[in-house]
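Colleague: Here is a sequence with its predicted model. Questions after.
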Amino acid sequence: MAGRRINIAIVEPSQIVFEGLSNMLLKSGQHYQVYKIDDLEEVPFSVTENDLNLIIVNPSQLQNRVKAFKIIKKNTSAQWMALVYSFFSNDILSLFDGVVRVTDNSDEIILNINRITGADVAEENQQQESLSERETEVLVQLVNGLSNKEIADKLNISIHTVISHRKNISQKTGIKSQSGLTIYALSNKIISMDNISL
Amino acid sequence: MYQTKKTFVKPEMKMAGLIFENPSLLMLLEHFNFDLVVHDFTVEQLSLQHNINPDLFILFCNLYNGFPPTSLGNLKKEDVSSIINFLRNSHFYYRDDKYPEIREYINQLYEKNKVAEIKMVETFFNEYFDEVTEHLAYEDRVAFPEICETLGLENSDEKKSKYTVTTYRDHHTDIESKLFDLKNLLLKYIPINDDRVERRKLLIALFDLEFDLSLHSIIEETILIPLVKKFEKEKSSGR
């Protein structure tokens, strides 16, 4: 799929705030899936079940439970953001990886989420689309039906390099199969009809 | 796919209302072999009327509404039969409905835009669909009958084999990534030539197929396989 999916859980007692934030996230056009969690204690179950990447928590959930929070946080690989619409001390907020403020606009929130979850890195990689000269050479050989070993010998590079070029080709074009890549090469005039047999 | 609102389905909700919100539920009814005229029935009434466990039906409705299953609740052994029938019916839809439709659109596209790429798309799609057909046939002829036999359900074949569900999972290959290649080629790379309408029809049909296929594998991997494993375990521990 285009863009990695980010699974987000929101731990927020207020229905209005939850709906508002969840709607904003779902309408952002980003590949987000949103889950509602009623209580901090339920987070560990949901993390494994839904493969959560990010948990947005109202810090009031931490009241008298800072210790429990630290343990839960330590045991999850997900990132944590505080959802702030009243006053919380910096001691509390510094326990989180980031902050969503009720005064933030949608762009700011998404930028923050993507930065914290690392989604922006994946996106940048995807944007860089045109193949390098070497990748194009590998593609041509690939389309001609040569194996990794044969390509390595022909271009005088190691098999590992061939494999890494192939990985980059698929990442940049979004196409994995050999027949798909043949059509791609033809459409992009990297090869001509004379080079292939139908 | 055409879903405008994400509703978490509950037993007392009216089926018709849910379909207005998410027409792909029509596909679900078809796979369950229900009539499409749902009158004023609630989800629960409708499933009971067709002898389907409401828990199972609601689990599937929610899946179509975009909520992947989080627990299998108290599904029973008999529900495995319903799931298998559902999957068999979807096989019919892929093979006898979607496949000819997509082939027809590829032909129409080629009529408008006679380039080699589109001929190759046809070959590509045929190869892809051969793989799909092979997988579906394996499920119909081998995996499903054997699951039924293992669990002592009706609908079983005669032959005996040392079958466990793990064999099935090993065989269960991912048949979706090639579809993604196809959509990518049509959307990004193959030059357009007065073929907008035909291309749109083809793309939408591919999206339809992909949507249903993706739910199909979620059902197999997160509902059917764990369920069969659970009952296999119960059986071998003599319960």
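Modeller: Sure thing, it's come through.

Colleague: in chain B, which ranges drop under the pLDDT threshold?
Modeller: The model of chain B has pLDDT under 70 over residues B:1-4, B:154-176, B:238-239.

Colleague: can you pull out the helices in it?
Modeller: With helices called from DSSP state H, chain B shows them at B:15-21, B:25-31, B:43-49, B:54-64, B:77-93, B:99-112, B:116-138, B:144-150, B:165-171, B:177-184, B:196-218, B:225-236.

Colleague: Now do the buried residues in stretch A:161-180.
Modeller: Buried residues in stretch A:161-180, defined by neighbour count with 16 or more other CB atoms under 10 Å in any protein chain shown: A:161-162, A:165-166, A:168-169, A:172-177, A:179-180. Placement of C-beta: from N, CA and C, glycine included.

Colleague: ok, back up a step: tell me which of the helices of chain B lies nearest to chain A.
Modeller: Chain A lies closest to helix B:177-184 among those, at 3.6 Å (CB to the nearest CB).

Colleague: How much space separates residue A:75 from residue A:43?
Modeller: Applying CB to CB, to the nearest Å, the value for residue A:75 to residue A:43 is 10 Å.

Colleague: the more surrounded of these two?
Modeller: Neighbour totals were compared for residue A:75 and residue A:43, and residue A:43 leads with 22 against 10 (other CB atoms under 10 Å in any protein chain shown).

Colleague: Which residues lie in contact with the more buried one in this structure?
Modeller: A:9, A:11, A:37, A:55, A:72, A:76 (CB atoms under 8 Å, 6 or more residues apart in numbering or on different chains).

Colleague: what's next to the helix ranked longest in chain A, contact-wise?
Modeller: Longest helix in chain A by number of residues (criterion: DSSP H): helix A:159-173. With contact meaning CB under 8 Å, 6+ apart, helix A:159-173 is reached by A:125-126, A:128-132, A:134-135, A:138-139, A:142, A:148-149, A:151-152, A:155, A:176, A:181, A:184, B:184, B:189.

Colleague: Just checking the distance from it to the centre of its chain.
Modeller: With CA atoms, centre = their mean, to the nearest Å as the basis, helix A:159-173 stands 20 Å off its chain's centre.

Colleague: Now do that helix against helix B:177-184, angle only.
Modeller: Angle, helix A:159-173 to helix B:177-184, by axes from the mean of the first three to the mean of the last three CA atoms, to 10 degrees: 50 degrees.

Colleague: Next, residue A:139: secondary structure please.
Modeller: Judged by DSSP: H, G, I helix; E, B strand; the rest coil, the three-state class of residue A:139 is helix.

Colleague: That one and residue A:188 touch, don't they?
Modeller: No - between residue A:139 and residue A:188 there is no contact under CB atoms under 8 Å: 9.3 Å.

Colleague: What distance do you get for the closest residue to residue B:99 other than its chain neighbours to residue A:152?
Modeller: Counting by CB to CB, 6 or more residues apart in numbering or on different chains, residue B:99 lies nearest to residue B:129, which is 5.7 Å off, once chain neighbours are set aside. According to CB to CB, residue B:129 stands 33 Å off from residue A:152.

Colleague: next one: residue A:24
Modeller: Counting by CB to CB, the gap from residue A:24 to residue A:152 is 50 Å.

Colleague: domains for chain A, by residue range?
Modeller: A:6-126, A:128-195 (automatic domain parsing).

Colleague: Make JSON lines out of those and add mean pLDDT and distance to residue B:204.
Modeller: Output for these, formatted as JSON lines (pLDDT from 0 to 100; distance: least, CB to CB, whole Å):
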{"stretch": "domain A:6-126", "mean pLDDT": "85", "distance to residue B:204": "20"}
{"stretch": "domain A:128-195", "mean pLDDT": "89", "distance to residue B:204": "19"}
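
Colleague: follow-up on the earlier one: which of the contacts of residue A:43 fall in helices?
Modeller: residue A:72.

Colleague: Same list (the contacts of residue A:43) but as CSV, adding neighbour count and distance to residue A:102.
Modeller: Output for these, formatted as CSV (neighbours: other CB atoms under 10 Å in any protein chain shown; distance: CB to CB, whole Å):
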residue, neighbour count, distance to residue A:102
A:9, 22, 18
A:11, 24, 15
A:37, 22, 19
A:55, 25, 18
A:72, 18, 24
A:76, 16, 25
